[in-house]
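Asker: the following block contains a protein sequence and its predicted model.
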Amino acid sequence: MTDTINKLTIAAGIMILAASVMFLYWQFYLAPKPVIPPIQPPVVYFPSSFAYASLGENIYKRSRNPIVNKVPDAPAPNVNPIDGAYKNPFD
């Protein structure tokens, strides 16, 4: 009789263990994952002066050029200062 009780106790323990393992498997692997909504970017409000102007246009209006349409002239004889430094002996 005790042999039958021991077998039933072991079988009940195995069934409880199997049920708990199946429950944990269902909880962690088969349960649907919660859906997290995407984060919306913040809305940035610009002043009315920037309403129809692009970034490049604003930079162009604010930039300053100290030499407007003036290119410095290079003197003609000093174009290449090391021109006569080496003479090719085979010429």
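Answerer: Sure, I can see it.
Asker: for residue 70, give me the pLDDT.
Answerer: On the pLDDT scale, residue 70 is placed at 66.
Asker: the one 5 residues further on too?
Answerer: In the predicted model, residue 75 carries a pLDDT score of 63.
Asker: repeat for residue 20
Answerer: On pLDDT, residue 20 comes in at 95.
Asker: count the residues that sit near it.
Answerer: 10 (other Cβ atoms under 10 Å). Glycine gets a C-beta too; all of them are placed from N, C-alpha and C.
Asker: which residues are in contact with it?
Answerer: Neighbour list for residue 20: empty [criterion: Cβ atoms under 8 Å, 6 or more residues apart in numbering].
Asker: could you check how far it is from residue 26?
Answerer: According to Cβ to Cβ, to the nearest Å, residue 20 stands 11 Å off from residue 26.
Asker: try residue 4
Answerer: Residue 4 sits 33 Å away from residue 26, going by Cβ to Cβ.
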